[in-house]
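Chemist: Just the structure for this:
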Amino acid sequence: MHLLPEASWLQFNRRVLLQTERPDFPLLERMRFLAIWSRNLDEFFAARIAKPFWEKRGSQDHRALLEEAHAQARLAYQRYQALLREAHPRLEVLEPQDLDEEDWLYFRVYLAEVVAPKTDLIPWEAAADVSHGALYFASETHLVRLPQDLPRLLPVPGQEGAYVRLGALMRARADLFLPEEGPLYEFRVLRLLESERARADWDELAQSLEARQEGTPTLLVVEEGFPEAWLKALRQTLDLLPQEVFAVPPPLNLSLVERLVAEGPKEWRFPPRKPERPRRFLKRPLAHLQDGDLLLYHPFADYGAVERFAEEALAPQVAEVWATLYRIGEENPLAEALLQAAKAGKRVHVLLEGRARFDELLNLHWYLRFLRAGVEVLPLPERKVHAKALLLLTHDGRGYAHLGTGNYNPQNGRLYTDFSLFTARLEVVKEVWAFFQAMREEKVPELSLLRTGEAIRRLLLEEIARESHPKGRILLKLNHLTDPQVLEGLAQAAEAGARVDLLVRSTLTRLHPGFRAKSLVGRFLEHARVAAFGAGGNLRVYLTSADAMPRNFQNRFELLFPVLDKEARRQVLKVLKRQVRDDRNSFLLTPTGEVRRWGGKYDAQHL
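Modeler: Next up, the predicted model:
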């Protein structure tokens, strides 16, 4: 059974939405998943739907995607209402008619003094230019735009746990926003935000970002009861198909519940967990690695160890630092350590991938900071660089490397499951050095122990073929598995009698009766990529930054690296075996449908 990548991904987002029903999750954590689902769906219509939109628009495949997304939107509203009922009376979202005169004393002034001056009154003739994702209101003669920086939920003064939706308040006092009397109806437009051309340098990146907000509309979301004549005019102006219009009850953007999650009772959240700290490594990271490799599994092992390793760039014995940076966030201790090292006179080289989708502007900010601190920012190659590597070189010729499956991002490092490998092995350090030199010289890296580009696919296919027999064992853990060659190799291995276990969080485009495939969705976002082959004491284990997708092999520089240390291999395999057994966070993926596995005794996210 073959699936469109976009259809498979939408099924993953449905699994995210279903987390709002988990009986073992506290209320606010279930509510958080509603916000995650909402942001995911916005991203789908801003980026992931691009290929079917351009190549198959209006086809049965495209309509099926729209139908599934619309069905999820209706279910999400039902879950929103159910969660609010469960939260009542400690948390509640009131309607304007529930407010008394004292409440309105405050909100009338708030609307007049804070909101009205920031809203834009737009003629219907300009409807084609409405911005991506913003909340708009339609009246008979005008459109009203609500700025993104205004909160969508407002606390009711003096009523702890009570909130009111800003959109509902504006509709109740439409006279403050319109030149004439009349009702207001809510709507949003989502647009493709992918830039139309490849960006090969930072100047082109800036130019591309300037034009991106004018992307093609892919979806119109209106509230139920939106006047039919206005809807027809709006749809035609935006050049959208009837199926590209979703009518749902307000609120039209359910990520507004993030305020409830942040401000609700702490006992309705997961209790904080304390990660394990590798104390000896934290005291003297480089000395520790002279005795052997260290493997950590985040967030159960402290991501702070990665930041501590980066701080060694300031150590007297370190002369030079090389790093790849992808999605590093607004605040980043690791990046700050690199800046400090450069200011201290160390030679610091950074490959900052400016084309990380939706993080481009933030990366431009970091680019300027690195540049002005004296860091050498390597040129952007034609291929996007998604590898995760940090290399420290000392005055006496030693090298120390960190290789990971996840981004150097302090927030993600504490919420995503990822592996970190620290090593001073000469054979690994030499290859990481060779990778960076190739990036600097804008060449394709020539590696043997590590793999990048198409060589990752070749190694996977070789290992799969090697295990294509009745005693063969293949275990892949990925976020996305869509490469046709890899999937065909796995199918042949399964038909030859090999055991094929696939732990695929999001996108799996082929379902075979011989696959033991499952998706894990739980408290932490499964993000690690692992490949293990063989059985007994002869397992070959690899970690990688790459998902098995054609673009990652053909259009990106990723890194796949072997786990050479016996104890590190044992740790990786222990995690994989727990995930294969998991029956608390799992969905079995079969040709006949998905099977939810909750409520069992094996929880792979509780180590």
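Chemist: can you list the domains in this protein?
Modeler: The record's domain parsing of the chain by automatic domain parsing lists 5-255, 279-440, 454-597.
Chemist: what mean pLDDT does the shortest one have?
Modeler: Read it as domain 454-597. Confidence over domain 454-597 (mean pLDDT, whole number) is 97.
Chemist: Name the nearest residue to Asp103, ignoring sequence neighbours.
Modeler: Distances taken as Cβ to Cβ, 6 or more residues apart in numbering put Val156 closest to Asp103, at 5.8 Å, once the chain neighbours are dropped. (Glycine included, C-beta is placed from N, CA and C.)
Chemist: okay but that neighbour is in contact with Glu95, surely?
Modeler: No: using Cβ atoms under 8 Å, Val156 is not in contact with Glu95; the gap is 11.5 Å.
Chemist: what's the neighbour count on Arg235?
Modeler: 17 (other Cβ atoms under 10 Å).
Chemist: Same question for Pro251.
Modeler: So Pro251, with other Cβ under 10 Å, has 22 neighbours.
Chemist: What residues of stretch 487-497 count as buried?
Modeler: 487, 489-491, 493-494 (16 or more other Cβ atoms under 10 Å).
Chemist: picking that back up, compare Val156 and Glu95 (neighbour count), which wins?
Modeler: Neighbour tally, Val156 and Glu95, criterion other Cβ under 10 Å: the higher count belongs to Val156, 20 against 11.
Chemist: show me the contacts for that one.
Modeler: 94, 99, 103, 162-164 (Cβ atoms under 8 Å, 6 or more residues apart in numbering).
Chemist: so after the strand or helix carrying Val261, what's the next helix or strand?
Modeler: Element membership of Val261 [criterion: DSSP states H and E] is helix 258-263. Scanning forward in sequence from helix 258-263 by DSSP H and E, the next helix or strand is helix 279-283.
Chemist: list the buried ones in that next one?
Modeler: Here helix 279-283 shows Phe281 as buried, counting by 16+ other Cβ under 10 Å.
Chemist: now swap in stretch 29-49 and tell me
Modeler: Neighbour count says stretch 29-49 has 29-38, 40-46, 48-49 buried, by 16+ other Cβ under 10 Å.
Chemist: One more: stretch 585-593?
Modeler: Residues of stretch 585-593 classed as buried by neighbour count (16+ other Cβ under 10 Å): 585-587, 589-590.
Chemist: So which of those residues belong to strands?
Modeler: Secondary structure defined by DSSP state E assigns 586-587, 589-590 of these to strands.
Chemist: Dump the residues you listed into TSV; add distance to Thr119 as well.
Modeler: Formatted as TSV, those follow (distance: Cβ to Cβ, whole Å):
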residue	distance to Thr119
Ser586	46
Phe587	43
Leu589	46
Thr590	50
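Chemist: Now flag whichever of those residues is closest to Glu224.
Modeler: Phe587 (30.8 Å; Cβ to Cβ).
Chemist: What about Arg440, how many residues nearby?
Modeler: There are 15 residues near Arg440, going by other Cβ under 10 Å.
Chemist: excluding its backbone neighbours, what's nearest it?
Modeler: Nearest non-adjacent residue to Arg440, counting by Cβ to Cβ, 6+ apart: Leu378, 5.4 Å away.
Chemist: surely Leu573 meets Leu539?
Modeler: Yes: using Cβ under 8 Å, Leu573 is in contact with Leu539, at 6.5 Å.
Chemist: Please enumerate the shared neighbours of these two.
Modeler: Ala532.
Chemist: low pLDDT regions in this structure?
Modeler: The chain contains residues with pLDDT under 70 at 194-200, 206-214.
Chemist: Could you name the helices and strands sitting against the longest helix along it?
Modeler: For the chain, the helix reaching the highest residue count under DSSP state H is reported as helix 60-87. Counting contacts by 3 or more Cβ pairs under 8 Å, 6 or more residues apart in numbering; DSSP states H and E, helix 60-87 packs against helix 5-18, helix 27-43, helix 50-56, strand 245-248.
Chemist: Now name the helix or strand holding Glu307.
Modeler: Secondary structure assigned from DSSP H and E places Glu307 in helix 304-311.
Chemist: next structured bit after that helix?
Modeler: Next helix or strand after helix 304-311 toward the C-terminus (DSSP H and E): strand 318-325.
Chemist: Mind putting the domains of the chain into TSV with distance to Val261?
Modeler: As requested, the domains of the chain are arranged in TSV below (distance: least, Cβ to Cβ, whole Å):
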stretch	distance to Val261
domain 5-255	5
domain 279-440	14
domain 454-597	14
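Chemist: I'd like to know which of these lies nearest to Trp268.
Modeler: Of the domains of the chain, nearest to Trp268 by Cβ to Cβ is domain 5-255, at 4.2 Å.
Chemist: and the closest one, how far from the chain's centre?
Modeler: How far domain 5-255 lies from its chain's middle: 20 Å, per Cα atoms, centre = their mean, to the nearest Å.
Chemist: tell me the contacts of Ala323?
Modeler: By Cβ under 8 Å, 6+ apart, the neighbours of Ala323 are 310, 334, 338, 348-351, 389-391, 408.
Chemist: separation between it and Met549?
Modeler: 24 Å (Cβ to Cβ, to the nearest Å).
Chemist: and Leu502, what is it in contact with?
Modeler: By Cβ under 8 Å, 6+ apart, the residues touching Leu502 are 475-476, 478, 481, 490, 508, 515-518, 589.
Chemist: mind listing which of those are in helices?
Modeler: Per DSSP H, the subset of these in helices is Leu490.
Chemist: Dump the contacts of Leu502 into TSV; add distance to Tyr400 as well.
Modeler: As requested, the contacts of Leu502 are arranged in TSV below (distance: Cβ to Cβ, whole Å):
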residue	distance to Tyr400
Leu475	29
Leu476	29
Leu478	28
Leu481	32
Leu490	36
Leu508	37
Phe515	39
Arg516	38
Ala517	38
Lys518	36
Leu589	40
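Chemist: Return the subset of the contacts of Leu502 lying in strands.
Modeler: Using DSSP E, the subset of those located in strands is 475-476, 478, 481, 508, 515-518, 589.
Chemist: tell me the SS of Gln243?
Modeler: Secondary structure assignment for Gln243 (DSSP: H, G, I helix; E, B strand; the rest coil): helix.
Chemist: hang on, it packs against Arg63?
Modeler: Yes: counting by Cβ under 8 Å, Arg63 is a contact partner of Gln243 at 5.4 Å.
Chemist: phi, psi of the residue lying closest to Lys430 once chain neighbours are set aside?
Modeler: Using Cβ to Cβ, 6+ apart and skipping residues adjacent in sequence, the residue nearest Lys430 is Gly399, 7.8 Å away. Main-chain torsions, Gly399, degrees, to the nearest 10: phi -140, psi 150.
Chemist: which residues does Gly399 contact?
Modeler: Per Cβ under 8 Å, 6+ apart, neighbours of Gly399: 391-393, 424, 426, 429-430, 432-433.
Chemist: run the last query once more with 10 Å
Modeler: Listed by Cβ atoms under 10 Å, 6 or more residues apart in numbering, the contact partners of Gly399 are 289, 320, 322, 391-393, 423-426, 428-430, 432-433.
Chemist: Among the residues you listed, name the buried ones.
Modeler: The neighbour-count test (16+ other Cβ under 10 Å) marks 289, 320, 322, 391-393, 423-425, 428-430, 432-433 as buried among these.
Chemist: Quick check: the farthest pair among the residues you listed?
Modeler: By the measure Cβ to Cβ, Glu320 and Arg425 form the most distant pair in those, at 18.3 Å.
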